[in-house]
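Student: one predicted model, sequence on top.
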Amino acid sequence: MIAVIFLIVNILYDLAVGFISGLVLGEVQALYYLIITQATKLIFVAIFVKARSNKYRNKYNEDYVKTASLKKDSYKLVIIGMGLAGFGNILISMIMKLFENNAYINSVIETLNQALSFSNNYEYALMILSVVILAPILEEYLFRGILFAEVKKSPKAKIIITALSFAIYHLNLIQGINTLFIGLVLGYIYYYRRNIKDVILVHMVNNLVAVFPVYNDILGVICIVAIVFAIKFMIDIRKEGLSIDLQKR
């Protein structure tokens, strides 16, 4: 129920801000609406997290949103982000191949391509601001931060519920399938690393690859190779997280 209410509130907020921005700004680039929505929501999220943190700590004796400095092994997170992008590219390519004659799938792919297209450096800078900077910070605080804390279930259930919510939030099938997998990985990392900055970094790298001006064969191969290392690093992350738990007992 919490996840459902959470999704409804966020989707309604996005629609409302988009509508109001449209009335005020008229017909301008869609990225402006997106940036306005992200920036304003980030302000509300920051206020909410600050207000909720003290009450949460007093009630549960733990941080509401777990935050720490990035560690020396953060390069592993960069590689995991590249591996996620590589896997996502393979996954979307498979879906496109399997449903190449499906009108809905083709329509969604065309819409995504238009959303990630740009005609000059200014538009590309706006896209970087929105997709690579604002979106990862906002979405990680929303899903791996607030929702992860508010869902009172087992760790596995938290990871699955937040990943499903993350997928549904994107409101289209192609992104939903890919973001479901991404959400599972991000939830896994957040649970074992206990640091929102880590998942923000992974998310940023994944999105950066997605909007890279030239996703050529060399970058594609690098991201595919990164999948192998990403699996190894995720196993390491789990071992380190379990080791920390044992030390605390």
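Tutor: Nice, I can see it.
Student: pLDDT weak spots in the protein?
Tutor: 25-29, 108, 113-117, 213-216, 245-249 (pLDDT under 70).
Student: helices of that one, residue ranges please.
Tutor: 2-25, 30-60, 75-98, 103-115, 121-127, 135-139, 148-150, 155-169, 173-193, 196-210, 217-248 (DSSP state H).
Student: what would the ones you listed look like in JSON lines with distance to residue 66?
Tutor: Where you see a C-beta, it was placed from the backbone N, CA and C, and this is true even at glycine. Shown next, in JSON lines, are those (distance: least, CB to CB, whole Å):
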{"stretch": "helix 2-25", "distance to residue 66": "18"}
{"stretch": "helix 30-60", "distance to residue 66": "11"}
{"stretch": "helix 75-98", "distance to residue 66": "15"}
{"stretch": "helix 103-115", "distance to residue 66": "32"}
{"stretch": "helix 121-127", "distance to residue 66": "30"}
{"stretch": "helix 135-139", "distance to residue 66": "15"}
{"stretch": "helix 148-150", "distance to residue 66": "9"}
{"stretch": "helix 155-169", "distance to residue 66": "12"}
{"stretch": "helix 173-193", "distance to residue 66": "7"}
{"stretch": "helix 196-210", "distance to residue 66": "6"}
{"stretch": "helix 217-248", "distance to residue 66": "12"}
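Student: go ahead and confirm residue 187 touches residue 163.
Tutor: Yes. Here residue 187 reaches residue 163: they are 5.5 Å apart, a contact under CB atoms under 8 Å.
Student: how near is the nearest residue to residue 228 once chain neighbours are set aside to residue 152?
Tutor: Spatial nearest neighbour of residue 228, excluding adjacent residues (CB to CB, 6 or more residues apart in numbering): residue 83 at 7.8 Å. Separation of residue 83 from residue 152 (CB to CB, to the nearest Å) stands at 31 Å.
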